[in-house]
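>>> sharing a model prediction with you, sequence too.
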Amino acid sequence: MASSFHGAPAPASTNKQINKQTTKNMDDIIRNITIYAIPLIFAITVHEAAHAYAAKYFGDATAYMMGRMTLNPVKHIDPIWTIVMPVAILILSAFTFVFGGAKPVPINQNALRNPKRDMIWVAAAGPAANLIMMLGWFVVGKFAITLEPSTAIIFIISVAKAGIFVNALLMIFNLFPILPLDGGRIVAGLLPQKLAYQFSKLEPYGLIILVALILSGATSYLLLPALRAVYAILGLN
């Protein structure tokens, strides 16, 4: 009878190499999650708080009364959309893409002083916050690279790079002209009343459209050129 080696135990040295590589991979994943977690939580928290601040400024105190006009991330975090989804996508995409969100800030558009016009500014406040944070991380990174290299400085530079990427991505993504994204709200505010009403009818299908775009990979064709343009403007590769 012919001998078979299927299922034979691997040499001890091979098992050690596999275990060592597995440990290294896990360490890299944990390190990358830590690097991305800081700017991601800031990006989502400040984005949502900006909507709340803008809404109150233009006359709607709904978010303020519900405690959402705050920089406390606990008030904005959604367990699935803020934690599970971004972490899963970061790992599955080898830290080349991130998608997530927070609990939507409640906005009563009718409470705004000029509902149609003011909603444009309330919607734009979120992406504007991401733009400011992106520039802030850029400054942090530029300053950090002038310092003497150390473990802490290298970590700060990595966090700054992640902050630029996360905020640029969230800013661009949220400006997609699809309801309920901020870009869709801005388009609705800019359109004439009749067209805006017709456009708003698409909102119930917005999430389905977004999921279809993400799963099909179509978002890459939309996001990557915009990301490259942002990085080019900042002088980054």
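Good, I have the coordinates.

>>> and the most centrally placed residue in the chain, how far from residue 185?
Taking Cα atoms, centre = their mean, the centroid of the chain lies closest to residue 170, which sits 4.1 Å from it. With distances taken as Cβ to Cβ, to the nearest Å, residue 170 is found 15 Å from residue 185. C-betas here are computed from N, CA, C, even on glycine.

>>> repeat for residue 129
Per Cβ to Cβ, residue 129 is found 15 Å from residue 185.

>>> kindly report the same for residue 173.
14 Å.

>>> again with residue 28
Remark: distance between residue 28 and residue 185 (Cβ to Cβ) = 39 Å.

>>> ok, residue 49 next?
Relative to residue 185, residue 49 is positioned 17 Å away (Cβ to Cβ).

>>> scan the helices and strands of the chain for the one with the lowest mean pLDDT.
Within the chain, no helix or strand scores below helix 85-92, which has a mean of 76 by mean pLDDT, DSSP states H and E.

>>> before we move on, the earlier item: who has more neighbours out of residue 28 and residue 185?
Legend: neighbour count by other Cβ atoms under 10 Å for residue 28 and residue 185, higher for residue 185 (24 against 11).

>>> what is the neighbour count of the residue nearest to the more buried one when sequence neighbours are not counted?
Distance criterion Cβ to Cβ, 6 or more residues apart in numbering; nearest residue to residue 185, sequence neighbours excluded, is residue 123 at 3.5 Å. Neighbourhood size, residue 123 [other Cβ under 10 Å]: 26.

>>> how much space between residue 123 and residue 226?
According to Cβ to Cβ, residue 123 stands 18 Å off from residue 226.

>>> how about residue 205?
Counting by Cβ to Cβ, the separation of residue 205 from residue 226 is 24 Å.

>>> returning to that earlier point: now the residue nearest to the centre of the chain, what's its secondary structure?
Classification of residue 170 by DSSP: H, G, I helix; E, B strand; the rest coil places it in helix.

>>> what packs against the top helix by length along the chain?
Longest among the helix segments of the chain by residue count, using DSSP state H, is helix 12-57. Judged by 3 or more Cβ pairs under 8 Å, 6 or more residues apart in numbering; DSSP states H and E, helix 12-57 is in contact with helix 62-65, helix 85-92, helix 115-144, helix 151-174.
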